[in-house]
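Chemist: pasting the sequence and the predicted coordinates here, then a few questions.
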Amino acid sequence: MTNERFENWKPPEIEDGKLNKYNWVVQHKDNLILGYKSDVGAFTYINAKNNVFIEDYVQIGSHSSLYSISTIDNKEGPVVLKKNCRIGSHSIVMPNVTVGENSIVGAFSFVNKNIPDNSLAFGVPVKVIRELTEEEIKKLKEELDGS
């Protein structure tokens, strides 16, 4: 099954600190890499001061936040969302965090550590719950290319 909503996907125009047409905002836009057919939900905030890499086919739920800098605890570092990972709505991803390929982070999660490839994780703070099954991974990949 092909994901039809991405058939005419084009990268959004991004102006620093301003809502784009999909109602999400980026600070330090020159340090954001947005992958092919990646989807960022409405009212998501991305602070890319120390680089944010969103690889291809990533989905980020609405009202999420990606921070490459935290002024509360003075942490700084890149955020990396690997190919085909999914971040649930209202989640927060902190500096120096990588979410692995095909991994799923549940809604309302506080992601303050790396999530391995092919994992299901959620919670405050996030915990890896389990590895995805081969069937689950196959289904996620089928959604990418319709194979």
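Modeler: Cool, the structure landed.
Chemist: which residues are in contact with stretch 14-22?
Modeler: Here stretch 14-22 makes contact (CB atoms under 8 Å, 6 or more residues apart in numbering) with 12-13, 25-30, 32, 34, 40, 42. Just so you know, the C-beta spots here come from the backbone N, C-alpha and C atoms, and that holds for glycine as well.
Chemist: same thing but 10 Å
Modeler: 12-13, 24-30, 32, 34, 39-44, 46, 48, 62 (CB atoms under 10 Å, 6 or more residues apart in numbering).
Chemist: filter the residues you listed down to the buried ones.
Modeler: 24-29, 32, 34, 39-41, 43-44, 46, 48, 62 (16 or more other CB atoms under 10 Å).
Chemist: go through the residues you listed and flag which are in strands.
Modeler: Per DSSP state E, strands hold the following members of those: 25-27, 32, 34, 39-40, 46.
Chemist: pLDDT and distance to residue 95 added to the residues you listed, as a markdown table?
Modeler: Formatted as a markdown table, these follow (pLDDT from 0 to 100; distance: CB to CB, whole Å):
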| residue | pLDDT | distance to residue 95 |
| --- | --- | --- |
| 25 | 98 | 18 |
| 26 | 98 | 16 |
| 27 | 98 | 14 |
| 32 | 98 | 14 |
| 34 | 97 | 18 |
| 39 | 95 | 23 |
| 40 | 97 | 18 |
| 46 | 98 | 12 |
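Chemist: looking at these, which is nearest residue 7?
Modeler: residue 39 (12.9 Å; CB to CB).
Chemist: let me see the contact set for the residue nearest to that closest one when sequence neighbours are not counted.
Modeler: Nearest residue to residue 39, sequence neighbours excluded (CB to CB, 6 or more residues apart in numbering): residue 59, at 4.8 Å. Going by CB under 10 Å, 6+ apart, residue 59 touches 3, 37-41, 81, 84-88, 104, 143.
Chemist: and the spatially most central residue of the chain, bridged to which residues?
Modeler: In the chain, the centroid-proximal residue (CA atoms, centre = their mean) is residue 60; its distance is 4.6 Å. Beta-bridge pairing of residue 60 under DSSP bridges involves residue 40, residue 87.
Chemist: roughly how far apart are it and residue 93?
Modeler: Distance of residue 60 to residue 93, computed by CB to CB, to the nearest Å: 9 Å.
Chemist: now for these two: what residues contact both?
Modeler: Here residue 60 and residue 93 share the contacting residues 46, 66, 81, 87, 105, scored by CB under 10 Å, 6+ apart.
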